[in-house]
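Asker: quick one: sequence and predicted model below, then my questions.
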Amino acid sequence: MNTLTEKMRALARELLEKGEVKYIIGWEKGSLWYQSPPVFIDRPEDAGRLIWDEFCVNNLAKYLLDDKYLEGRVGLFVKGCDARGINRLLQDRQVERDKFYLMGIVCPGVKDPRQAAGLSIEQREEVPLAAKCLYCAHPEPVVYDVLLNEAGEAYRPKRPAGERFEDVAALEAMSPDERYEFWARQYQRCIRCYACRNVCPACNCRECIFDRSQSGWVGKRMAGSENAFYGLTRAWHVAGRCIECGECERVCPMGIPIMTLNKKIIKELNELFGEYEAGVSLEAEPPLGRYRTDDPDFS
Amino acid sequence: MLKIAKEKMPELLNAWAKIGKLYVPQDQDGVSNFLPWDGKGKLTLGQGNSVLPPKDLFFPRTETMYRYQRSGGALSLEEVVENEKQILVGIRSCDARSIALLDDVFLTKGYVDEFYRRRRENTLIVALACNVAQDTCFCTSFGIDPGRAEGVDIQVWEVDGSYILEAGTEKGRELLGQAPALLMEAGEGGLPEAPACNLKVDLAGVTEKLQQMFEHPFWAQICRKCLGCGLCTYLCPTCHCFDIQSENRGDSGIKFRCWDSCMFSEYTRMAGGHNPRPSKKERVRNRFLHKLQYFPERYGKFGCVGCGRCLSYCPVNMDITRIIGGIKEVDLNG
Amino acid sequence: MVEAVARANPLVPELGKIIKIVDETPDVKTFHITTEKGKPFTPLPGQLAMLSILDVGEAMFSITSQGPEHLELAIKKVGMLTEALHEAEVGQTVGIRGPYGNGFPLEMLVGKDLLFIGGGIGLAPVRSLINYCAEHREQFGHMWIIYGARSPADLCFKEDLFQNWPRVPNCRVDVTVDKGDENWTGPEGFVPAFVEKLNPSPKGKIAVTCGPPIMIKFVLQSLEKLGFQDDQIITTLEMRMKCGIGKCGRCNLGSRYVCLDGPVFTLAQLKQLPNEY
C-alpha cells in the first residue's frame, strides 16, 4: 500500500469519527486491477476501502451537485483537474465553499483504464498516461483545505514536449471540406448517451435543454446533424468554462475527439481575449462571462 | 465443415456482400463497430467485442416508421417497409443470446413489432467463436458457450490461421453454398477449446432475493456514483427501450423511433410534470431490476448476457458483477 | 421474402377525423373520432387508445365512451399534444391506434353492486364502464356513482351526471365539489370525505375508483376504513407511454407493463407491484 493511500484512509477515518464531514468521496479498487472507480464512505470503519493509484481517473467534483442541500460538509479528494472542477462549480455559483472539505493530491498523472484492458498486472508500467494528462499544466490542486503530498519533480508527469494545441493545429491544417467531413464522421458515430455532459463539471445546468426534447430545439433522431448540433451546443456552452480535465473525451465510448473541439475554442478565446485558464483562479472571470468596455467586441 | 484461410476472409465477405448488406466489425477512428462492408475497411474480427452491440441491425438507433404528407386539406400516411437482406458477420455468443432476448421482447407477449420482425427475418447471422475472453467477459455465468453461439445460421472458429465454418440452419447452408470457390473441406481436426471467463457471477436466488429488495437501502447506496448518463443502456445488447417522435418539414414529416434510456429523467416524465422515477435511485434500481428480476419474471431469462460492455465503458464503473455480488450479500433481516 | 399475409402494424396509426367536440370544462374536451371505415376499433370498457396529431405528437388516452360509428375520448389540457387537440376543430385529421390495455374485469363485476368513485377527469375511463353497465343493466346489481371536481365549472360529463345516469334504473348519483359557487346547492368537500359520509357498505360491492393520484390515495384509505377488501377495489393507472404494446419499456411497474397488463388493476394486484407510479 502506498503512503498516500495510508494518509487518505487515516484522514478520512479521523474526519468521519470527529463528525467533521458527513461522508467522504474518494476512489476504491474495482473488479479489475486497472479500475479505481469513485466511492462514497459514510462510516469511519469503511475508510479502508479508499485507495490512491494511477487509475484514480474520475473527477469527483461533479458529485457535489447531487447533495447541494446537505446539512453539514462533504469531504472529497481532489487532484489538480478535480480542483479546477471545484472552482468551476464555485464560480458558477453551484456550490458553497463551506459545504465541503478538500483533501488535495498533487497528481503525477493518471491512466485510462480502457488502455489497460487486456494487459496483465505485471505490465502495469506499460499502460500509457491518460491523454488528458499529457498536457496538464496544473498537477497541484488550485484549491484545497489540506494537501496530502508535496509538489515536486517526482509528481511531474513525463509529458512529451507536445504542444497544447497540437490536435487543433492538425485540424486547422485541413481544408473546410476536409474538416466538415472529419466532424461529420465523428458525430455520425455519436449515440447521444450524454456521458460527456454528465461527467463534465462545466455542464452544471439544473435542467439541460437536451433533456427536454419537447422544447423542439433539437431532435432526438440519432443522426449526424442532430448529434453534431448537440456536440456544438455543448462545446459553446462550456466555452471559456472548460477546465480541460478531458473527462468528456475519456468517457466517450465512440472515440469522438471532443477535447479537440474544446481546445479549438480555448485557443480562439485566448487569441481574442487574452490567455485564460478556466478554474485556475476564482478571481479571474471567464472571458464570455464578463462585461468590459475594453472588450474587442464592445463598441 | 468448411475452411478458408484467414487472409481470404475479405474475399468471402465480398462475395457475401453481393447477396445482402453485410455488416462486420471494423475499425473507424480507433473504435470497433459493426459497419457495412465495402471491401476496404479495417476488419477487427477476432478482437474483443464491438463497442456497440449488433442490436442496431434489428433495432436501429433511429428508424423511420412512417411518413405523412399534407396536400390541400388531405393527409396521407405511408408506412416505411424495410425488406433489405442483411448479413451480420462476426457476432459473439453473448450477442447471439442477446438477439434471442430481443426476440422475446419484440416478437412475443401479445404483439409482434413489425419493424423488428422484418429486419430480423431478413438477416443472416454468422457468429465467430471466442478464442480469448476479455477481462470484462462473464458470459459463461449465464450458461453461454463462448465457443458456440445459439441460434445462428453459421458458426465460425478461428484455428491456426484459418476460419472453420459450420452451417447451423438451412439458410446458413445456402449462404455457404454461395462461394464454393473460396471454401474447402475442413477435414479432420479439433475445434479450439472455448476460453474460461475471468469474471464470474453467482446468479442463484438473485431474482427471488430482489423480489424482496425493492424498498431496500441498497439502491440509495449503489446509485450514488452513477452519473445518470445513458451509456450503459446504449451499449447494452439487451436494452430495448425506445422513444417515438416526429420530425416535420413544411407539409410533410416522419414519425421515427429512436433508442431511449431509462436513465434519463425525461423517460418517464409525464405531461403535467409527474415523474414516477424522479431521481437516479429509482432509475438505477429500475435498470438493474429489469435485467435481474423483471426480465426473468416476464421472459424466464436474465436480461444480461455478460458481454462486459458496461464494465468496460461506464465512466464510473457501475459494475453489474459487483452489484450482483452486493445483492447476494444483503441481509434481508438486517 | 414475399409476405404471404398482410399484417397490421400495431405501431402505425389509422387516419381518422374529429367529428364532434364537446366542451366539458374549461380544460377538458371530449373528442368524437371516426375513420373512413367507421369506428376505428371496438374497445372494452377501460381500454386505451393512442391518439396523435401527426406533426405534434402521440399519447395514450382512456376511451371514455363509444357509439356505433365513433370513439369518444375526454382529454384534459396538460401538455403540447393536448393543447394542440384543444385548439383543433371538427374535421381535424388525427391518427388513432388501439385498443390497448386490459380494460375492466367485467367477469369480476357481473352480479355485483358497483360503486364508482371518480374525481375530475378521472371519470373518463370509469364512464366507459358506467355506460356499459347501464346498457347491460340486468347483469349488474345496484350502481352508485360518487363524483367530485374542484368547482362546479370543473365537473365533467354534466349531462350524464345530472340527467342520463340518475335515470338509469337502480342507480344513484352523488356529486360534490371542493368549493361551490353562488349557484351551487349541492354538497361541498373533497371526494374521500364525501365517500366516508355517504358510508357505502362493502357488502357484495366492488368499488371502481379513478382520479388524480392524490385523490386515489385518500379514497383508498377511505374505502379501507369502510371495510372494503383489497380485491373489492379496482383502480386505473396512468404512465407515460410510447408504444402501447409492451416493447418501449417506460410504463413498467415491476415486470408488468401498464399499457399491456394494465391500466386496470385491483388494489390486491397493485400491492404486489412496486409502488412506482
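Answerer: Received the coordinates, thanks.
Asker: contacts for the lowest-mean-pLDDT helix or strand in chain A?
Answerer: Of all helical and strand segments in chain A, the minimum by mean pLDDT, DSSP states H and E falls on helix A:166-172, at a mean of 91. Contact partners of helix A:166-172, identified using CB atoms under 8 Å, 6 or more residues apart in numbering or on different chains, comprise A:163, A:179, A:182, A:257, A:259, A:260, A:263, A:264, A:267. The way it works is simple: take the backbone N, C-alpha and C, and place the C-beta from them, glycine included.
Asker: let's see it at 7 Å
Answerer: A:179, A:257, A:260, A:263, A:264, A:267 (CB atoms under 7 Å, 6 or more residues apart in numbering or on different chains).
Asker: for that helix, list the C-alpha coordinates in CSV.
Answerer: Only the C-alpha atoms of helix A:166-172 are listed here, as CSV (Å, rounded to 0.1, in the frame of the first residue of the first chain):
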residue,chain,number,x,y,z
GLU,A,166,-1.3,20.1,-31.4
ASP,A,167,-4.6,18.5,-32.3
VAL,A,168,-6.1,21.8,-33.1
ALA,A,169,-3.3,22.7,-35.4
ALA,A,170,-3.9,19.4,-37.3
LEU,A,171,-7.5,20.3,-37.7
GLU,A,172,-6.8,23.9,-38.8
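Asker: residues contacting residue C:21?
Answerer: So residue C:21 contacts C:29, C:31, C:90 (CB under 7 Å, 6+ apart).
Asker: using the three-state scheme, assign it.
Answerer: State at residue C:21, reduced to three classes by DSSP: H, G, I helix; E, B strand; the rest coil: strand.
Asker: what of residue C:146?
Answerer: Using three-state DSSP, the structure places residue C:146 in strand.
Asker: quick check: the gap between it and chain B.
Answerer: 24 Å (CB to the nearest CB, to the nearest Å).
Asker: which strand residues bridge that residue?
Answerer: For residue C:146, the beta-bridge partners under DSSP bridges are residue C:117, residue C:174.
Asker: looking at the contacts of residue C:21, which has the most residues close by?
Answerer: Using other CB atoms under 10 Å in any protein chain shown as the neighbour criterion, residue C:31 leads these with 24 neighbours.
Asker: who does it bridge with?
Answerer: residue C:21, residue C:73.
Asker: how about the residue of the stretch 51-200 of chain C found nearest chain B: what's its closest non-neighbour residue?
Answerer: Nearest residue of the stretch 51-200 of chain C to chain B: residue C:79, at 2.9 Å (CB to the nearest CB). Among residues not flanking residue C:79 along the chain, residue B:271 sits closest, at 2.9 Å (CB to CB, 6 or more residues apart in numbering or on different chains).
Asker: doesn't residue C:75 make contact with the one you found?
Answerer: No - the criterion here is CB atoms under 7 Å, and residue B:271 misses it with residue C:75 at 10.7 Å.
Asker: so between those two, which is more surrounded?
Answerer: residue C:75 (22 against 18).
Asker: for that one, which residues are in contact?
Answerer: C:28, C:29, C:31, C:61, C:82, C:85.
Asker: just those: which are in strands?
Answerer: Among these, the members found in strands (DSSP state E) are C:28, C:29, C:31, C:61.
Asker: what's around the last one, how many residues?
Answerer: Just to be clear, that refers to residue C:61. Residue C:61 is flanked by 23 other residues according to other CB under 10 Å.
Asker: name whatever forms a beta bridge with it.
Answerer: Here residue C:61, judged by DSSP bridges, has bridge partners residue C:49.
Asker: residue C:43 is in contact with that one, correct?
Answerer: No - here residue C:61 does not reach residue C:43: they are 11.2 Å apart, not a contact under CB under 7 Å.
Asker: nearest to residue A:229, out of the ones in strands among the contacts of residue C:75: which one, please.
Answerer: Using CB to CB, residue C:61 comes nearest to residue A:229 of those, at 32.3 Å.
Asker: residue C:43 contacts residue C:100, doesn't it?
Answerer: No - Residue C:43 lies out of contact with residue C:100 (CB under 7 Å); the separation is 8.7 Å.
Asker: more crowded one of those two?
Answerer: Comparing residue C:43 with residue C:100 by other CB under 10 Å, the one with more neighbours is residue C:100, at 27 against 21.
Asker: might one say that that one is in contact with residue C:46?
Answerer: No - Residue C:100 lies out of contact with residue C:46 (CB under 7 Å); the separation is 10.7 Å.
Asker: need the contact list for residue A:246.
Answerer: A:131, A:132, A:259.
Asker: one more time with 10 Å, if that's ok
Answerer: By CB atoms under 10 Å, 6 or more residues apart in numbering or on different chains, the contact list for residue A:246 reads A:57, A:59, A:81, A:112, A:130-136, A:258-259, A:262-263.
Asker: do you know the pLDDT at it?
Answerer: pLDDT recorded at residue A:246 is 92.
Asker: contact partners for the residue nearest to residue C:79?
Answerer: Residues A:214, C:57, C:59, C:76-83, C:238, C:240 are the ones in contact with residue B:271 under the rule CB under 10 Å, 6+ apart.
Asker: now do residue C:274 against residue B:283, distance only.
Answerer: 13 Å (CB to CB, to the nearest Å).
Asker: can you name the residue of the stretch 1-150 of chain B nearest chain C?
Answerer: residue B:111 (3.8 Å).
Asker: which residue ranges make up the domains of the chain?
Answerer: No chain was given, so I picked chain A. Here the domain assignment for chain A is A:3-155, A:166-289, based on automatic domain parsing.
Asker: meant chain B, my bad for not saying
Answerer: B:2-185, B:206-329.
Asker: need those in TSV with mean pLDDT, can you?
Answerer: Conversion of the domains of chain B to TSV gives the following (pLDDT from 0 to 100):
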stretch	mean pLDDT
domain B:2-185	95
domain B:206-329	95
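Asker: so which of the contacts of helix A:166-172 belong to helices?
Answerer: Members of those lying in helices (criterion: DSSP state H): A:179, A:260, A:263, A:264, A:267.
Asker: buried ones from these, can you make that a PyMOL selection?
Answerer: Here is the PyMOL selection string for the buried members of the ones in helices among the contacts of helix A:166-172, based on 16 or more other CB atoms under 10 Å in any protein chain shown:
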select buried, chain A and resi 260+263+264
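Asker: count of neighbours near residue A:223?
Answerer: With other CB under 10 Å as criterion, residue A:223 counts 19.
Asker: the one 5 residues further on too?
Answerer: Residue A:228 has 17 neighbouring residues, counting by other CB under 10 Å.
Asker: buried ones in the helix or strand hosting it, by neighbour count?
Answerer: Secondary structure from DSSP states H and E places residue A:228 in helix A:224-237. Neighbour counts over helix A:224-237 (16+ other CB under 10 Å) mark A:224, A:226, A:227, A:228, A:229, A:230, A:231, A:234, A:235, A:237 as buried.
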